[in-house]
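Trainee: attaching a predicted model along with its sequence, questions to come.
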Amino acid sequence: MRCKKKKLSLTGQLIITMIGIVAGTVFLCWFFNNTFLEQYYTYQKEQELLRGYAKINQASKNDTLGSSAFDITFETICANGNIDILISDPSGYLLRSSYSDAQRVQMQLEELLYRGSRNRYTVLVQGDTYVLQRQTDTRLNSDFLVLWGGLENGSGVYMRTALESIRESAAVTNHFFVMVSAIAIVISIFVIVIMSRSISKPIRALSDISGQMTELDFEAKYQSSRGVSREIDELGQSVNLLSETLEQTISELKSANISLRRDIEKKERIDEMRKEFLSNVSHELKTPLALIQGYAEGLQECINEDEESRGFYCEVIMDEADKMNRMVRNLLTLNQLEFGNERVEMTRFDIVELIEGLIQSASLMAAQKSADIIFGHSEPVYVWGEEFKVEEVLTNYLTNALNHVDGERRIEITIEQREHAARVSVFNTGAQIPEEDLDKIWTKFYKVDKAHTRAYGGSGIGLSIVKAIMDSFHQQCGVINRENGVEFWMELENN
């Protein structure tokens with residue numbers, strides 16, 4: 001199997017590219033300096049010799065070569081160009097010289113007139129009245145630029161400058177350039193690393209956000225910061241808008257998907273549920289109606305004439321009527337859920353915040369039951385569902401737990417994060433549910449302990465409503481017997 005070559009990060013690409021540009025630029029500059037700088041210096045020297053000759057020739061026209069007025073011009077030509085100059089009149093008399101002794105002047109004149117064997121020369125420029133040539137002194141092993149010839153007034157001129165100083169200047173310049181370039185490359189690398197990281201950091205942040213979006217996590221948002229380019233900021237805002245749009249669209253799709261499933265199942269269940277509903281209502285209302293009828297007849301026939309007995313009869317009638325009223329309301333709620341008459345609006349909310357609110361609402365009842373409610377979560381846990389109906393499920397679980405708590409009188413609420421769902425469990429210490437009844441408690445009007453259920457006013461419909469709500473979410477719920485109590489659980493989608 002061929003291994004995939006790992007791609008370089010954006011930061012690495014920027015660093016390598018910029019360092020390559022800087023190093024390439026420095027190398028080209030070094031190459032041109034090393035190759036052409038000496039030639040360029042030599043060319044400039046040639047031009048200085050020609051300009052100096054032009055000034056001297058102009059002075060010869062003006063007949064000021066020997067005057068004191070030409071002294072400064074002569075010294076400037078010699079000093080600025082590092083040029084040795086010798087000027088003689090037509091008869092050979094020395095007019096001006098930058099050499100320090102006559103012997104050396106004589107040597108230069110002989111070299112000019114006779115071109116001794118130790119000199120090799122190359123003509124560079126051939127003028128009408130002068131010759132500019134490059135000479136090599138084999139004795140000194142040195143190169144010179146020499147300009148010699150005549151002037152307008154018939155005088156002779158000899159000008160010479162050493163090329164060794166040019167080579168030294170070029171070598172020093174190149175050496176200095178190498179040192180400066182090395183420092184510049186180090187500084188450039190440091191600046192490039194910082195700049196590339198500042199450029200790639202927001203891009204990496206956008207990449208992380210898009211990765212979270214692929215996992216349907218829309219909590220992360222791009223935060224603008226100083227120093228970031230306008231284009232990246234605009235891209236970040238677009239990603240934020242896309243995240244919000246996707247979250248809303250997925251919410252709508254989940255709601256539409258659940259609605260579609262419900263519609264498919266609705267037609268198959270409607271007839272059966274109607275018959276079941278009528279049968280259950282008639283069965284469950286028999287007892288309270290019989291009690292109400294019996295006590296009402298007793299009042300009518302004045303079986304007990306004392307005020308206390310009549311008050312008791314009235315309380316029984318009112319209590320049974322209230323239970324019937326609550327039973328009918330619960331039945332209507334259950335009927336709407338099972339018939340699918342209520343639209344399920346799926347939203348994403350924090351289940352931890354909802355549970356904390358329920359615990360606070362149940363604190364008074366817990367105090368009356370001498371029960372401790374334990375809930376150890378503080379970090380948000382986001383789930384999908386209809387918040388009001390989830391609250392109804394958890395309220396039912398918590399109420400059942402408070403009504404059946406015993407022993408240590410402890411109620412524990414926990415949240416377990418799974419791969420695709422969050423499981424919320426409500427555990428209470430006390431008696432276990434018989435194994436044969438575990439699957440039946442979700443059936444309408446089924447009561448495990450009828451005497452205990454009647455004592456706190458239970459109708460046997462609450463867990464049926466729980467089951468209907470969880471079915472409308474297409475999620476699971478259940479009950480587990482623990483060693484010292486009972487645990488009811490429910491699962492909600494978490495992504």
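Mentor: Looks like it arrived, so ask away.
Trainee: so which strand or helix has the residue lying farthest from the centre of the chain?
Mentor: Ranked by distance from the centre of the chain (CA atoms, centre = their mean), the top residue is Ser91, with 90.4 Å. Using DSSP states H and E, Ser91 sits in no helix or strand.
Trainee: contact partners for it?
Mentor: Counting by CB atoms under 8 Å, 6 or more residues apart in numbering, Ser91 touches no other residue. (Glycine included, C-beta is placed from N, CA and C.)
Trainee: if we use 10 Å, what do you get?
Mentor: By CB atoms under 10 Å, 6 or more residues apart in numbering, the contact set of Ser91 is 154-155.
Trainee: please enumerate the helices of the stretch 1-150 of the chain.
Mentor: In the stretch 1-150 of the chain, the helices defined using DSSP state H, counting those that start in this stretch lie at 10-61, 71-81, 102-114.
Trainee: TSV for these, including distance to Asn495, mean neighbour count and mean pLDDT?
Mentor: Compiled in TSV, the helices of the stretch 1-150 of the chain are given as follows (distance: least, CB to CB, whole Å; neighbours: other CB atoms under 10 Å; pLDDT from 0 to 100):
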stretch	distance to Asn495	mean neighbour count	mean pLDDT
helix 10-61	29	15	82
helix 71-81	83	14	85
helix 102-114	97	14	53
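Trainee: tell me which of those lies nearest to Ser363.
Mentor: Closest to Ser363 of those is helix 10-61 (CB to CB; 54.4 Å).
Trainee: mind giving me the packing neighbours of the closest one?
Mentor: helix 71-81, strand 84-88, strand 94-97, strand 119-126, strand 130-137, strand 142-150, strand 156-162, helix 164-214 (3 or more CB pairs under 10 Å, 6 or more residues apart in numbering; DSSP states H and E).
Trainee: how far off centre is that helix?
Mentor: 47 Å (CA atoms, centre = their mean, to the nearest Å).
Trainee: picking up where we left off before, right, and the helices and strands packed on helix 10-61 - which one's nearest Ala59?
Mentor: Taking CB to CB as the criterion, helix 71-81 is the member of the helices and strands packed on helix 10-61 that comes nearest to Ala59, at 7.1 Å.
Trainee: show me what that closest one is packed against.
Mentor: Against helix 71-81 (3+ CB pairs under 10 Å, 6+ apart) you get helix 10-61, strand 84-88, strand 94-97, strand 156-162.
Trainee: and the third one, which residues are buried?
Mentor: Going by neighbour count (16 or more other CB atoms under 10 Å), the buried part of strand 94-97 is 96-97.
Trainee: ok now it, how far from the chain's centre?
Mentor: Averaging C-alpha positions (CA atoms, centre = their mean) puts strand 94-97 81 Å from its chain's average.
Trainee: which strands and helices sit next to that strand?
Mentor: With contacts taken as 3+ CB pairs under 10 Å, 6+ apart, strand 94-97 sits against helix 10-61, helix 71-81, strand 84-88, helix 102-114, strand 156-162.
Trainee: what sits up against the second one?
Mentor: In this structure, residues lying in contact with helix 71-81 by CB under 10 Å, 6+ apart are 44-45, 47-49, 51-53, 55-56, 58-59, 64-65, 83-85, 87, 96-98, 145, 159, 161.
Trainee: right, and Leu132 touches Tyr158 too?
Mentor: No: between Leu132 and Tyr158 no contact is recorded; they are 11.9 Å apart, counting by CB atoms under 10 Å.
Trainee: contact partners for Asp421?
Mentor: Residue 421: Ala, not Asp. Per CB under 10 Å, 6+ apart, neighbours of Ala421: 383-384, 475-476, 490-495.
Trainee: show me what it bridges to in the sheet.
Mentor: Per DSSP bridges, the residues bridged to Ala421 are Glu493.
Trainee: how about the helices of the stretch 301-450 of the chain, start to end?
Mentor: 307-339, 351-361, 363-368, 387-404, 450-455.
Trainee: need the least confident one among these, by mean pLDDT.
Mentor: The minimum mean pLDDT among those belongs to helix 450-455 (a mean of 46).
Trainee: quick one: contacts for Val466?
Mentor: So Val466 contacts 334, 389, 392-397, 400, 441-442, 477, 488, 490 (CB under 10 Å, 6+ apart).
Trainee: give me the element it is part of.
Mentor: Going by DSSP H and E, Val466 is part of helix 462-473.
Trainee: before we move on, back to that, could the helices of the stretch 1-150 of the chain go into TSV alongside distance to Gly236?
Mentor: Below are the helices of the stretch 1-150 of the chain laid out as TSV (distance: least, CB to CB, whole Å):
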stretch	distance to Gly236
helix 10-61	16
helix 71-81	62
helix 102-114	79
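Trainee: and of those helices, who's closest to Gly430?
Mentor: helix 10-61 (60.8 Å).
Trainee: one step back: and of the helices and strands packed on helix 10-61, who's closest to Ile415?
Mentor: That would be helix 164-214 among those, by CB to CB, at 21.3 Å.
Trainee: elements contacting that closest one?
Mentor: helix 10-61, strand 142-150, helix 230-300.
Trainee: now render the ones you listed as a markdown table, adding distance to Ala366.
Mentor: Formatted as a markdown table, the helices and strands packed on helix 164-214 follow (distance: least, CB to CB, whole Å):
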| stretch | distance to Ala366 |
| --- | --- |
| helix 10-61 | 56 |
| strand 142-150 | 108 |
| helix 230-300 | 29 |
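Trainee: to Met195, which of the ones you listed lies closest?
Mentor: helix 10-61 (7.8 Å).
Trainee: test my guess that Arg134 contacts Ile166.
Mentor: No: applying CB under 10 Å as the test, Arg134 and Ile166 come out as separate, 11.7 Å apart.
Trainee: okay, these two: which has more neighbours?
Mentor: Neighbour count, other CB atoms under 10 Å: between Arg134 and Ile166, Ile166 has more, with 21 against 16.
Trainee: returning to what we had before: show me how to select, in ChimeraX, the buried members of the contacts of Val466.
Mentor: Buried subset of the contacts of Val466, written as a ChimeraX selection, criterion 16+ other CB under 10 Å:
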select :334,389,392,393,394,396,397,400,441,442,477,488,490
